[in-house]
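Chemist: what's the 3D shape of this:
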Amino acid sequence: RAERRAASSTRGARGSLLSKLSVAQLRWRGATTTIVASDVVVEWEPSALARRQLRIHALGARAIDLSVAPSAQSSSDLPRTLGLPLTVVIEHASVTTLDWKLGERAGRVTGLAFAYRGDAREHHLDELALAFDRGRINGALALAAATPFAITGRAAFAGSDDLDGVGADATIAGTLARIGVRAQGQASDARFDAQAQLTPFADAPLDTLDIDATDVDLARFDPHWPHSAFSLTAHARPAAGGFAGTLSLANSAPGRIDAGRIPLLSMSAAYAQAGDKVTLTGIDAKLAGDARAQGNVTIALGARDVAGMLSLERVDLNALHGSLAPTRLGGTVRVAIDASGQSFDGDIADRGRALALSFAARAANGRLVLSRARLVAAAGTLDGRGELALTGNQAFAFDARATHFDPSRLGAFPQGTLEATLKLTG
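Modeler: Next up, the predicted model:
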């Protein structure tokens, strides 16, 4: 294998090979992997070798840099054995900081500690503690050294900072070829249950993923958000080039926006992921007041592009906001988001109430531009266009023209007939 072309070097070694050894820097480089360890300390017991045992009392490093580059070579074969020719015991190992880079992904671990014991039959990783800037993981793992490489373990996560209040407990069971993980946890008052089957030696590293979450209240995560009581179910299975599955969402506490609620009853969709592209198809959302929204969305993760279209039926504005009039609006709304900005346009109408709205807007370069808006209410019209600065002093300019327009047709507004031309700046 190409990895056999590995090379290593040390700098600043001092101490004794018979007891305690310090190394200022230890570097190991393979075909795709580079490890640099700084301020390494090893305290071991050479006499244990007479008992066919490598015993290390303490192993530590101030910093480790781990970099793994993408490799053109890949192997989906399990090893024949993971047995060691002698017993290896590490009573305590610790790393102050671990900086890692796997391809384009990178991160930092701000504390790592564990104890290890392995021999010809099995491997045990105990007292595992891993800390990073948003939480901490504790756990243990056991792996058989002979096929089918039975694996068992447990892990617990406790969040901190912006993940304060988030926690989970997981159990691991299966074989190295098919690792089963089951987790239960909470995020504030929300509860979730997740099950996954990992297949690290197969073409698709994830065979199944099922997630159920309940009591998700958005206001518990940010007080500026409305209250909700969401239940979420998601399923994922391997598909061509990625994964596919279904999503479903139910809200047991819907309500009007002006009451601090979300007027969404339920939503379901099918999704597919291939490479950096995610598509949501068959979106079916039920809104308060017997309304319905259906459509599709495409997301390009790499370019951060989003394109979607929703068809609306029987939308009751009064069910969305208490100050608005009862309606049965229908039509189409489109959205396009890319690196340069966000665009929205739509055409909706309620022919029974002689209401119609057509609009187009775009947010880009720190400005929101309403390029066109036309509201028709019976014989009256209201046309407008303008722009708003989204930063700084939020300067705005708006032009509107009302012709025979009665505001009361939209909701709890004064009745009248407006004939006006407006130019607003500020």
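
Chemist: Next, the buried residues of the strand or helix carrying residue 361.
Modeler: Under the criterion of DSSP states H and E, residue 361 resides in strand 355-364. For strand 355-364, burial by neighbour count (16 or more other CB atoms under 10 Å) applies to 355-362. In this view, the C-beta of every residue, glycine as well, is placed from N, C-alpha and C.

Chemist: What separation is there between the residue lying closest to residue 159 once chain neighbours are set aside and residue 192?
Modeler: Leaving aside its sequence neighbours, residue 159 sits nearest to residue 166 (CB to CB, 6 or more residues apart in numbering; 3.6 Å). Residue 166 sits 10 Å away from residue 192, going by CB to CB, to the nearest Å.

Chemist: Between those two, which contacts overlap?
Modeler: 185-186 (CB atoms under 8 Å, 6 or more residues apart in numbering).

Chemist: can you pull out the strands in the stretch 151-300 of the chain?
Modeler: 166-175, 178-187, 190-198, 206-216, 230-239, 242-251, 264-274, 277-287, 291-300 (DSSP state E, counting those that start in this stretch).

Chemist: Test of understanding: give the bridge partners of the residue nearest to residue 159.
Modeler: Beta-bridge pairing of residue 166 under DSSP bridges involves residue 187.

Chemist: Make sure it is actually in contact with residue 189.
Modeler: No: if you go by CB atoms under 8 Å, residue 166 and residue 189 don't touch, sitting 11.6 Å apart.

Chemist: okay, the two: which has more neighbours?
Modeler: Counting neighbours by other CB atoms under 10 Å for residue 166 and for residue 189 shows that residue 166 has the greater number, 19 against 12.

Chemist: mind listing what the more buried one touches?
Modeler: Here residue 166 is in contact with 135, 157-159, 185-188 (criterion: CB under 8 Å, 6+ apart).

Chemist: quick one on the thing from earlier: indicate which one of the strands of the stretch 151-300 of the chain is closest to residue 330.
Modeler: Across the strands of the stretch 151-300 of the chain, residue 330 has its closest neighbour in strand 291-300 (9.2 Å, CB to CB).

Chemist: Show the pLDDT at residue 106.
Modeler: pLDDT for residue 106: 87.

Chemist: picking up where we left off before, identify the residues contacting the strand holding residue 361?
Modeler: Residues contacting strand 355-364 (CB under 8 Å, 6+ apart): 327, 329, 340-350, 368-377, 390, 409-410.

Chemist: which regions of the protein sit below the pLDDT cut-off?
Modeler: By pLDDT under 70, the low-scoring segments of the chain are 1-6, 71-76.

Chemist: so who does the residue nearest the centre of the chain touch?
Modeler: Centroid-nearest residue in the chain: residue 301, 11.7 Å away (criterion: CA atoms, centre = their mean). With contact taken as CB under 8 Å, 6+ apart, residue 301 is in contact with 276-278.

Chemist: ok, now residue 388?
Modeler: 367-368, 394-396.

Chemist: Find the pair from the residues you listed with maximum spatial separation.
Modeler: The farthest-apart pair in these, when distances are taken by CB to CB, is 368 and 395, at 11.4 Å.

Chemist: More neighbours: these two, which one.
Modeler: Of the pair residue 368 and residue 395, residue 368 is the one with more neighbours under other CB under 10 Å, namely 18 against 12.

Chemist: before we move on, back to that, reformat the strands of the stretch 151-300 of the chain as JSON lines; add distance to residue 16.
Modeler: JSON lines is the format used below for those (distance: least, CB to CB, whole Å):
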{"stretch": "strand 166-175", "distance to residue 16": "40"}
{"stretch": "strand 178-187", "distance to residue 16": "42"}
{"stretch": "strand 190-198", "distance to residue 16": "43"}
{"stretch": "strand 206-216", "distance to residue 16": "48"}
{"stretch": "strand 230-239", "distance to residue 16": "53"}
{"stretch": "strand 242-251", "distance to residue 16": "54"}
{"stretch": "strand 264-274", "distance to residue 16": "55"}
{"stretch": "strand 277-287", "distance to residue 16": "57"}
{"stretch": "strand 291-300", "distance to residue 16": "58"}
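
Chemist: Mind jotting down where the helices sit in this protein?
Modeler: For the chain, the helices defined by DSSP state H occupy 317-320.

Chemist: Distance check, residue 22 against residue 90.
Modeler: With distances taken as CB to CB, residue 22 is found 17 Å from residue 90.

Chemist: the more surrounded of the two?
Modeler: residue 90 (19 against 15).

Chemist: My guess is that one contacts residue 115. True?
Modeler: Yes: Residue 90 lies in contact with residue 115 (CB under 8 Å); the separation is 6.3 Å.

Chemist: Counting neighbours, what do you get for the nearest residue to residue 52 once chain neighbours are set aside?
Modeler: Counting by CB to CB, 6+ apart, residue 52 lies nearest to residue 86, which is 4.5 Å off, once chain neighbours are set aside. A total of 13 residues lie near residue 86 under the criterion other CB under 10 Å.

Chemist: Got the phi and psi for residue 86?
Modeler: phi -150, psi 170 (degrees, to the nearest 10).

Chemist: Could I get the contacting residues of it?
Modeler: Counted by CB under 8 Å, 6+ apart, residue 86 has contacts 49, 52-54, 119.

Chemist: go again using 7 Å as the cut-off
Modeler: Shown in contact with residue 86 (CB atoms under 7 Å, 6 or more residues apart in numbering): 52-54.

Chemist: Now, of the residues you listed, which are buried?
Modeler: Buried among those (16+ other CB under 10 Å): residue 54.

Chemist: From the contacts of residue 86, pick the one nearest residue 7.
Modeler: For the contacts of residue 86, the nearest to residue 7 is residue 54 (22.8 Å; CB to CB).
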